[in-house]
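Visitor: Pasting the sequence and the predicted coordinates here, then a few questions.
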Amino acid sequence: MNKMGGKTYISTVDVALTGIFSALWIVVNLTLGPLSFSLLGLPILHDFGVFFTLLLVAWVTGRFGTSLMAGIIGSIFAILLGGPTLIVCFAASAVVFDVLMFVNHHRIRVARYSLATTAIVTLVSAYFAGVLIGVFFTPGETVSWALTFWGGWHLVGGMMAVVITFPVIIALEKANVRKIKGDTQ
């Protein structure tokens, strides 16, 4: 964030990056979600795509609000482009993800504490999405089914996102990708 006249604002680079990750959010919601259901009948790839996106936008910007903006903007456009309305539950989970990332000050670093807390934040957010979808978008199912079975499968998708995204972030850190953006942390 830059300071100008005592006010803090998100840089134009962060806004542009959030736009790019919003577009990625749309693509993964409209491709991986249906693919997951046609192949497995489960939401695993949907959660993977959603949290892969959230983890990357959180890592690259390190700012409060960018993950939730990517999730909300991406969800709105995914629904407008014909995606199911249950995608709104992933927007809600993006809000939870962004708020819980206060634990790491919205920075994902290659350190045990940072990676562990980020993994927990991701898993809680994925489970939250699964429970919301299970409760509000699966007629005929019970709340206990949403809390156990459906929330559990979303948790698996969140774990998959962590397992795949963390090595990507570590590789990007080693390649000094932040220098492109001008970060020196």
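Guide: That came through fine.
Visitor: how about residue 56, what does it touch?
Guide: Going by CB atoms under 8 Å, 6 or more residues apart in numbering, residue 56 touches 21, 24, 165, 168, 169. C-betas here are computed from N, CA, C, even on glycine.
Visitor: For those, which ChimeraX command selects only the ones that are buried?
Guide: ChimeraX command restricting those to the buried ones, with burial defined by 16 or more other CB atoms under 10 Å:
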select :21,24,165,169
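Visitor: what's the most distant pair in the contacts of residue 56?
Guide: 24 and 169 (15.0 Å; CB to CB).
Visitor: quick one: which of the contacts of residue 56 is nearest residue 149?
Guide: When the contacts of residue 56 are compared for distance to residue 149 (CB to CB), residue 165 wins out at 24.8 Å.
Visitor: any idea how far that closest one lies from residue 172?
Guide: Note on residue 165: its distance to residue 172, by CB to CB, to the nearest Å, is 10 Å.
Visitor: again with residue 120
Guide: The gap separating residue 120 from residue 172 is 21 Å, by CB to CB.
Visitor: Contacts for the helix or strand hosting residue 113 next, please.
Guide: Taking DSSP states H and E as the criterion, residue 113 maps to helix 112-136. Contacts to helix 112-136, defined as CB under 8 Å, 6+ apart, come from residues 43, 47, 50-51, 54-55, 58, 86, 89-90, 92-94, 96-97, 100-101, 103-104, 107-109, 141, 143, 145-147, 149-155, 157-159, 161-162, 166.
Visitor: Of the residues you listed, just the buried ones, PyMOL syntax please.
Guide: For selection in PyMOL, the members of the contacts of helix 112-136 meeting the burial criterion (16+ other CB under 10 Å) are listed in this command:
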select buried, resi 43+47+50+51+54+55+58+86+89+90+92+93+94+96+97+100+101+104+108+109+146+150+151+153+154+155+157+158+159+161+162+166
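Visitor: can you give me the strands for this structure?
Guide: Defined through DSSP state E, the strands belonging to the chain, from first to last, are 2-4, 7-9.
Visitor: residue ranges with poor pLDDT in the chain?
Guide: Low-confidence segments of the chain (pLDDT under 70): 1-10, 178-185.
Visitor: Do a quick rundown of the helices in the chain.
Guide: Under the criterion DSSP state H, the chain carries helices at the ranges 12-39, 44-61, 66-80, 87-100, 112-136, 143-145, 151-174, 178-181.
Visitor: All set, thanks.
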